[in-house]
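> Structure for the following, please:
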Amino acid sequence: MDVIYTAEALSTGAGRNGHVATKDGTLDLDLSIPKEMGGAGGAPNPEALFAAGYAACFHSALQGVARSQKITLEDETVGARVHIGPNGDGGFQLAVELEVVIPNVPHDQAQALADAAHKVCPYSNATRGNIDVKVTVTDD
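Okay, here's the model as predicted:
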């Protein structure tokens, strides 16, 4: 692979109740275990960061696919839900739901754009075959 960019982050402290920062200083924050998992909540957690990253990356892939097809998008959004739960073998697993909204584009065309984005998005390619990812196009 020809690398065009490398992100570098360091976790310190107590992992999910610790601190993360990128080497370039653009991200620097405390983490907290969510209340639903027995923690205090009130701060980001790894799943929230993954959801934010996946949503933004997929959104960029969607825009790139639309540009390549000479389709102009306006006010489109991508939401991501990252679920965590036991895997049945003593560990944990993730699942992702992506919700894509593309106003003023017929549903079938919007679905085709989302499907094409799912093929090129780096997050989708990294997770394909490893975790369940459901991509849904809604009209609202």
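> Tell me which helix or strand comes right after the longest helix that the chain contains.
Within the chain, and with DSSP state H defining each element, the longest helix by residue count is helix 46-68. Counting by DSSP states H and E, the element after helix 46-68 in chain order, helix or strand, is strand 77-86.
> Tell me which strands that next one pairs with, and in which orientation.
Using DSSP bridges, the strands paired with strand 77-86 are strand 92-101 (antiparallel).
> Give me the phi and psi for residue 109.
In terms of degrees, to the nearest 10, the main-chain angles of residue 109 are phi -70, psi -40.
> likewise the one 10 residues further on?
Recorded main-chain torsions at residue 119 are phi -80, psi -30, according to degrees, to the nearest 10.
> ok now do it, which residues does it touch?
With Cβ atoms under 8 Å, 6 or more residues apart in numbering as the criterion, the residues that contact residue 119 are residue 125. Backbone N, C-alpha and C define where each C-beta goes, glycine included.
> Could you report the separation of it from residue 61?
9 Å (Cβ to Cβ, to the nearest Å).
> From residue 12, how far out is the residue most central in space within the chain?
Central residue of the chain (Cα atoms, centre = their mean): residue 54, 1.6 Å from the mean position. Per Cβ to Cβ, residue 54 is found 24 Å from residue 12.
> Which elements pack onto the longest helix of the chain?
Helices and strands touching helix 46-68, as assessed by 3 or more Cβ pairs under 8 Å, 6 or more residues apart in numbering; DSSP states H and E, comprise strand 77-86, strand 92-101, helix 107-120, helix 122-127.
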